[in-house]
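J.: Provide a 3D model corresponding to the input given below.
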Amino acid sequence: QVQLVESGGGLVQPGGSLRLSCAASGGIRTLADMGWHRQAPGKQRELVAEITRGGTSDYADSVKGRFTISRDDSKNSVYLQMNNLKPEDTAVYYCNAVGSTWNRPSESLYWGRGTQVAVSS
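T.: Numbering: from 1, shown residues only. Below you'll find the model as predicted:
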């Protein structure tokens, strides 16, 4: 199955920036839509940004103009550039991807284990 590993989280001051990365592995056959969700303590997981196989992206209203999602299919990776971070962006950020492997050729939804982002002064 597809394994997703996130990196790049950490502690940053309000107004700062972070770049999250997510690398997919596991005998990748296809990667379709990829994206980022987040879950703050006591809240439901919510969509942050997603990007299609063709490169079309969509964002939650709360991050539009501040976050940028991108992907590099040569590296089976998706990225989230986060600028002008706010305390309300504090959450665990999860990478997700719809993909298939040579051993499991039907596309399924996969999730990473998450990376913590904390925005605080």
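J.: Would you agree Tyr94 is in contact with Leu47?
T.: No - at 10.3 Å, Tyr94 does not count as touching Leu47 under the criterion of Cβ atoms under 8 Å. (Glycine included, C-beta is placed from N, CA and C.)
J.: Relative to Val2, how far out is the most centrally placed residue in the chain?
T.: With distances taken as Cα atoms, centre = their mean, Trp36 lies nearest the centre of the chain, 2.9 Å away. Distance, Trp36 to Val2, by Cβ to Cβ, to the nearest Å: 16 Å.
J.: overlap in contacts of Tyr94 and Leu47?
T.: 36-37 (Cβ atoms under 8 Å, 6 or more residues apart in numbering).
J.: neighbour-wise, which of these two wins?
T.: Tyr94 (20 against 14; other Cβ atoms under 10 Å).
J.: May I have the beta-bridge partners of that one?
T.: His37 (DSSP bridges).
J.: how about Gln102, what does it touch?
T.: If you look again at residue 102, you'll see it is Trp, not Gln. So Trp102 contacts 27, 29 (Cβ under 8 Å, 6+ apart).
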